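Chemist: Just a sequence and a predicted model for now, questions to come.
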Amino acid sequence: GQNIDQPTEMTATEGAIVQINCTYQTSGFNGLFWYQQHAGEAPTFLSYNVLDGLEEKGRFSSFLSRSKGYSYLLLKELQMKDSASYLCAVRVGGYSTLTFGKGTMLLVSP
Amino acid sequence: ETGVTQSPTHLIKTRGQQVTLRCSSQSGHNTVSWYQQALGQGPQFIFQYYREEENGRGNFPPRFSGLQFPNYSSELNVNALELDDSALYLCASSDLTEAFFGQGTRLTVV
């Protein structure tokens, strides 16, 4: 099976930078996804990594190290609207099935 | 907007009843997956359909069943509803590098 770990909660200040870590143990790794989910809403796709390295997309960046089973999501210039749950999900094998962590609740304060 | 739409958005059912949830996939995506998300948890994989065939299933009982149609839209059916089936049900439309969720159906079983 797969095991995905991420911190339960994080807090940060508006304008700051925050890094949300995700570690996974799986076989047949075939990509890692990050999603943002506001309370009561569906997850919104943020990023996809399948090769080692950093993917940058505006204020959001995602990093992957396959040898370490490790990823992080970096959020820069934090805004109040970034307060949400951030979900790390791993895809295994040739299918599109995603296995999710429990999510990291990020609270951005003024 | 992801192009993935689910209906209905909210639903209240009585224990023992049956429910059908619907999902239309993003144009160009031929794979649809269904997830159940309980409060405070990450989404849990129910099953996946690829070109009208089920090709993956999570740890859910047979009373959870589904269909995919030639236009790649999909249905999730749940029979003999139980109180623990109360959750947000998410449909994800995907290809190799992206997986987009619909807005979800909030099912409450009373």
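Modeler: Received the coordinates, thanks. The shown structure was predicted, so the numbers you read here are calculated from the model rather than taken from an experiment. Numbers count the residues shown, from 1 in each chain, chains lettered A, B, ... in the order given.
Chemist: How about the contacts made by A:V50?
Modeler: A:30-32, A:64, B:97 (Cβ atoms under 8 Å, 6 or more residues apart in numbering or on different chains). Placement of C-beta: from N, CA and C, glycine included.
Chemist: and if you look at A:S83?
Modeler: Contacts for A:S83 (Cβ under 8 Å, 6+ apart) come out as A:106-108.
Chemist: ok, back up a step: just the buried residues out of the contacts of A:V50, in ChimeraX syntax.
Modeler: The buried residues among the contacts of A:V50 can be selected in ChimeraX (16 or more other Cβ atoms under 10 Å in any protein chain shown) with this line:
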select /A:31,32,64
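Chemist: Looking at the contacts of A:V50, which two lie furthest apart in space?
Modeler: A:L64 and B:T97 (13.6 Å; Cβ to Cβ).
Chemist: For A:A16, list the residues it contacts.
Modeler: Residues near A:A16 by Cβ under 8 Å, 6+ apart: A:L78.
Chemist: pretty sure it is in a helix, no?
Modeler: No. Secondary structure of A:A16 (DSSP: H, G, I helix; E, B strand; the rest coil): coil, not part of a helix.
Chemist: what about it, distance to chain B?
Modeler: Between A:A16 and chain B the computed distance is 25 Å (Cβ to the nearest Cβ, to the nearest Å).
Chemist: In helices, which of the contacts of A:V50 fall?
Modeler: Residues of the contacts of A:V50 located in helices (DSSP state H): none.
Chemist: Out of the contacts of A:V50, which sit inside strands?
Modeler: A:30-32, A:64 (DSSP state E).
Chemist: where's B:G40, which helix or strand?
Modeler: Using DSSP states H and E, B:G40 maps to neither a helix nor a strand.
Chemist: That one: how many residues sit nearby?
Modeler: 10 (other Cβ atoms under 10 Å in any protein chain shown).
Chemist: residue contacts, it?
Modeler: Neighbouring residues of B:G40 by Cβ under 8 Å, 6+ apart: A:K102.
Chemist: do the same with B:V78
Modeler: Residues near B:V78 by Cβ under 8 Å, 6+ apart: B:18-19, B:21, B:63-65, B:85.
Chemist: repeat that with 6 Å
Modeler: By Cβ atoms under 6 Å, 6 or more residues apart in numbering or on different chains, the contact list for B:V78 reads B:19, B:64.
Chemist: List the beta-bridge partners for it.
Modeler: Counting by DSSP bridges, B:V78 forms beta bridges with B:V19, B:F64.
Chemist: for the ones in strands among the contacts of A:V50, which one is nearest A:G93?
Modeler: The closest of the ones in strands among the contacts of A:V50, once distances to A:G93 are taken by Cβ to Cβ, is A:N30, at 5.9 Å.
Chemist: isn't the closest one right up against A:V90?
Modeler: No. Using Cβ atoms under 6 Å, A:N30 makes no contact with A:V90, being 8.3 Å away.
Chemist: got any ranges where chain B has weak pLDDT?
Modeler: B:1-2, B:96 (pLDDT under 70).
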